[in-house]
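Novice: Predicted structure and sequence below. I'll ask about it afterward.
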Amino acid sequence: MKHSEAGFTLIEMLCVLVLISLLSGVVIMNIPNPKSPAQIQAEGLTRDLNAMAQEGLISGEVRAFGLTDKQFSFYAYDGEKFIPAGGNNWSDEIRTEFTRNGEKLELPETLAPQIMFEPTSINTPFVLDLSGRKARYEVRSEGDGRVVLVKTE
């Protein structure tokens, strides 16, 4: 009479565990890190400034950007004055530093246009430093109408 054992050997069980561990590791390593509030705000501001510059180029109108240490705003020029065209508050964890034409400036208490975007794809050169807890970002333009985002830390 033959005696047959049904089931898995210890080696087979260990191989399955090793494969599950490797696959779990691959999945965990490919999950993106959550973005910090500073990164989210810097990416959104870069996108919005570029869109505003393009909108001014297409419409043939001057656009502007202004900021304080608490908030920022976009502006459209109607031929006589600048009209606010949206904006937002800075995230609570963000510290801002503003450099225009190579000169570091103190941020004003009230919002007013500070960076002009001409319809000829020329703008005021600037560097806006957004510092969060984990990283620092520069939203910058050399005056060519294009705004770029640079991670500095």
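Specialist: Right, received. Where do you want to start? Numbers count the residues shown, from 1 in each chain.

Novice: residue nearest the centroid of the chain?
Specialist: Nearest to the geometric centre of the chain sits residue 43, at 1.7 Å (CA atoms, centre = their mean).

Novice: how about the strands in the protein?
Specialist: Under the criterion DSSP state E, strands of the chain are mapped to 63-67, 71-77, 82-89, 95-100, 103-105, 115-117, 126-131, 136-141, 148-151.

Novice: want to throw the ones you listed into TSV with distance to residue 15 and mean neighbour count?
Specialist: All C-beta spots, glycine's among them, are computed from the backbone N, C-alpha and C. Shown next, in TSV, are the strands of the chain (distance: least, CB to CB, whole Å; neighbours: other CB atoms under 10 Å):
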stretch	distance to residue 15	mean neighbour count
strand 63-67	59	24
strand 71-77	57	20
strand 82-89	54	13
strand 95-100	53	16
strand 103-105	62	10
strand 115-117	62	22
strand 126-131	50	20
strand 136-141	46	20
strand 148-151	43	14
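
Novice: Which one of these lies nearest to residue 29?
Specialist: Among the strands of the chain, the nearest to residue 29 by CB to CB is strand 148-151 (21.1 Å).

Novice: same question for that closest one, mean pLDDT?
Specialist: Across strand 148-151, pLDDT averages out at 90.

Novice: Out of the strands of the chain, which is closest to residue 11?
Specialist: That would be strand 148-151 among the strands of the chain, by CB to CB, at 47.9 Å.

Novice: Which other helices and strands does the closest one contact?
Specialist: Judged by 3 or more CB pairs under 8 Å, 6 or more residues apart in numbering; DSSP states H and E, strand 148-151 is in contact with helix 37-59, strand 136-141.

Novice: Figure out how far it is from the centre of its chain.
Specialist: In this view, strand 148-151 has its centroid 8 Å away from the chain centroid, taken as CA atoms, centre = their mean, to the nearest Å.

Novice: Name the residues that touch it?
Specialist: Under the criterion CB atoms under 8 Å, 6 or more residues apart in numbering, residues 39, 42, 43, 46, 135, 136, 137, 138, 139, 140, 141 lie in contact with strand 148-151.

Novice: That one pairs with which strands, and in what direction?
Specialist: strand 136-141 (antiparallel) (DSSP bridges).

Novice: tell me the average confidence for the strand it pairs with?
Specialist: 92.
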